[in-house]
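**Student:** fold the following, please.
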Amino acid sequence: DSLKKTMEAVKTLKALRAWADIQKVYNSQRFRAGKGKMRNRRRIQKRGPIIVYKKDDGITKAFRNIPGITLIKITALNILKLAPGGHMGRFTIWTSGAFRQLDKLYGTKKVGSTKKSGFHLPMSKMHNSDLGRLLHSREVSSVLRPQKMECQRPGPKVKKNPLKNLQALLKLNPNALNEKNLRKNRQQTAEKNNIH
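**Tutor:** Reported below is the predicted structural model:
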């Protein structure tokens, strides 16, 4: 929290082996493609590490000239900064004071928050939330009655076209087969007459 010079900040990042991430930011600096160049958004770069601090004793001034680094106060944590673009797992550097402050701010599993009134960490209602595994477990399946196969409902009814399906046509018109045979006989006799 008490860093004041950029040189000290660079040394700290190198000691934490975080300088490779800053180098990645330097290598990604480029001009924006498209119309944004004319709208005061000329340069773009990747995001670097995020530093969470408790009290600003010069830490913001020390890190402000290093590209890609975001500084955020522990009391103002923001999901948009911690996971930019919805991508979880941004490299986060916590100061010791900020890390100690976490339990007071958000509480633990046993004790609620002391800084936020009535705030408790969200707890899962189920120990095992794998429902498929629960439903197919031996304990549940031994208590259930066997499945009645004969009482199953028929599947969704598919409407059949009576012009293409003979069975559907016979349901609508039981005399359809006789009519079809009559038409065939007439056609055959007409063809015989034309030949002679």
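**Student:** can you tell me the element the residue nearest to residue 114 when sequence neighbours are not counted falls in?
**Tutor:** Closest residue in space to residue 114, ignoring its immediate chain neighbours: residue 104 at 5.0 Å, by Cβ to Cβ, 6 or more residues apart in numbering. For the C-beta atoms, the positions are set from N, CA and C on the backbone; glycine is no exception. Using DSSP states H and E, residue 104 sits in helix 96-106.
**Student:** find the residue at the geometric middle of this protein.
**Tutor:** residue 86 (8.4 Å; Cα atoms, centre = their mean).
**Student:** how close does that one sit to residue 92?
**Tutor:** From residue 86 across to residue 92, the span is 16 Å (Cβ to Cβ, to the nearest Å).
**Student:** again with residue 195
**Tutor:** For residue 195 relative to residue 92 (Cβ to Cβ), the value is 93 Å.
**Student:** the residue nearest to residue 114 touches residue 119, doesn't it?
**Tutor:** No: with contact defined as Cβ atoms under 8 Å, residue 104 does not reach residue 119; the gap is 11.0 Å.
**Student:** now do the shared contacts for the two.
**Tutor:** Shared contacts of residue 104 and residue 119, defined by Cβ atoms under 8 Å, 6 or more residues apart in numbering, are found at residue 113.
**Student:** on that earlier part again, so which of residue 195 and residue 92 has more stuff around it?
**Tutor:** residue 92 (14 against 6; other Cβ atoms under 10 Å).
**Student:** only alpha carbons, please: show stretch 134-147 as PDB.
**Tutor:** Extracted in PDB, the C-alpha atoms of stretch 134-147 (Å, rounded to 0.1, in the frame of the first residue of the first chain):
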ATOM      1  CA  LEU A 134     -28.900 -38.400  -6.800                       C
ATOM      2  CA  LEU A 135     -31.900 -39.700  -8.800                       C
ATOM      3  CA  HIS A 136     -30.000 -42.700 -10.000                       C
ATOM      4  CA  SER A 137     -28.500 -43.600  -6.700                       C
ATOM      5  CA  ARG A 138     -29.100 -46.900  -5.000                       C
ATOM      6  CA  GLU A 139     -30.900 -45.300  -2.000                       C
ATOM      7  CA  VAL A 140     -33.500 -43.500  -4.100                       C
ATOM      8  CA  SER A 141     -34.100 -46.300  -6.700                       C
ATOM      9  CA  SER A 142     -34.600 -48.900  -4.000                       C
ATOM     10  CA  VAL A 143     -37.500 -46.900  -2.500                       C
ATOM     11  CA  LEU A 144     -39.200 -46.200  -5.800                       C
ATOM     12  CA  ARG A 145     -41.900 -48.500  -7.300                       C
ATOM     13  CA  PRO A 146     -41.000 -50.200 -10.700                       C
ATOM     14  CA  GLN A 147     -41.900 -48.300 -13.800                       C
END
